[in-house]
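Structural data only, the sequence is not supplied:
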Ligand SMILES: *Cc1c(COP(=O)(O)O)cnc(C)c1O
């Protein structure tokens, strides 16, 4: 991932303060980079993150309020879009191209269990989904229907949105503004998963199946893994196991970590953000990739 393109200017400012204007030339210097990230105070990381989350929330409200948002109108027809979403609620982003292996419907496989998390009074969760509402995309359409169908006794319609026409603009708001980036591909279909790298470089924590890049990136401290390295059984059985792992990890790891405070600060969460930025940016930057091609292939 090309760091200067995808990292928000607010975070670039912090990297710049530690490493100078040429901060991106230090991206591949693993030790220098990590120690610079470790120097940034908790408050600065959190303030930058919350500002970007605020931009995402305004964007979500704008996109769901205007006519050109298309189908979104019907999802939120009973809701005041100006009050959608709260900056204090754990926000999970999930975006995908039209590709079945991304298993978009996994999160909906146990609705009561999902809504229990969304509706929790003390520790709620909100979701931003983005995708293409492609006429041929049956799963995409069924997700939209699912979003609609979920009844209004729940906070669901206030805490979940679907943004149509997933493109680089939508991606920019999402990867910079969410707390958590979710990816649930069917193993071993994920070649890479570049959106997760974009999110990580902006301090979002990945919450993903161990497939594609996340097998190499996850170190136990820089995000969350869903399920194990391998899965066995029929597709249906694997989907069931992975859905269960998805819910369990959310309930027992992601949510408790986000809502843990120490002296009013999310100490543990911020240190995970720092771990994500510090370890994943050097490993998955374009600089590292081009350098590898040069050293290992072109020069030989
Ligand atoms: C980054 C990006 C992708 C690729 O995401 P993957 O996680 O690699 O599937 C697709 N669409 C848009 C708009 C993107 O910004």
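Done, it's in. Keep in mind it's a predicted model, so treat the numbers as computed, not measured. Numbers count the residues shown, from 1 in each chain.

Whichever residue of the stretch 1-150 of the chain sits closest to the ligand: how many residues sit nearby?
Sorted by distance to the ligand under C-beta to the nearest ligand atom, the residues of the stretch 1-150 of the chain start with residue 97, at 5.3 Å. Yep, even glycine has a C-beta here, placed from its N, CA and C like the rest. For residue 97, the neighbour count with other C-beta atoms under 10 Å is 12.

Count the residues that sit near residue 211.
Residues lying near residue 211 (other C-beta under 10 Å) number 23.

quick one: the spatially closest residue to it that is not a sequence neighbour and the ligand, what's the gap?
In space, residue 211 comes closest to residue 190 once its chain neighbours are excluded; the distance is 4.2 Å by C-beta to C-beta, 6 or more residues apart in numbering. Separation of residue 190 from the ligand (C-beta to the nearest ligand atom, to the nearest Å): 8 Å.

Assumed residue 190 was part of a helix.
No: remark: residue 190 does not belong to a helix; assigned using DSSP: H, G, I helix; E, B strand; the rest coil, it is coil.

can you give me the strands for the stretch 1-150 of the chain?
Using DSSP state E, counting those that start in this stretch, the strands found in the stretch 1-150 of the chain span residues 90-95, 125-131.

Quick one: list the elements packing against the longest one.
Right, strand 125-131. Helices and strands touching strand 125-131, by 3 or more C-beta pairs under 8 Å, 6 or more residues apart in numbering; DSSP states H and E, are strand 90-95, helix 111-119, helix 138-149, helix 156-159, strand 160-164, helix 168-177.

6 Å instead?
Packing partners of strand 125-131 (3 or more C-beta pairs under 6 Å, 6 or more residues apart in numbering; DSSP states H and E): strand 90-95, strand 160-164.

near the ligand, anything from the first one?
No: using C-beta under 6 Å from any ligand atom, strand 90-95 stays clear of the ligand, coming no nearer than 7.0 Å.

Going forward, count from 40.
Sure, I'll start numbering at 40, so the last one becomes strand 129-134.

how about the residues of the stretch 190-339 of the chain that lie near the ligand?
So far as C-beta under 6 Å from any ligand atom goes, the stretch 190-339 of the chain lies against the ligand at 205, 206, 207, 210, 231, 232, 233, 234, 235, 237.

so which two of those residues are the farthest from each other?
206 and 231 (18.7 Å; C-beta to C-beta).

Specify which residue of these two has the higher count of neighbours.
Taking other C-beta under 10 Å, residue 206 and residue 231 do not tie; residue 231 has more neighbours (14 against 11).

so what's that one up against?
Residue 231 makes contact with 251, 252, according to C-beta atoms under 6 Å, 6 or more residues apart in numbering.
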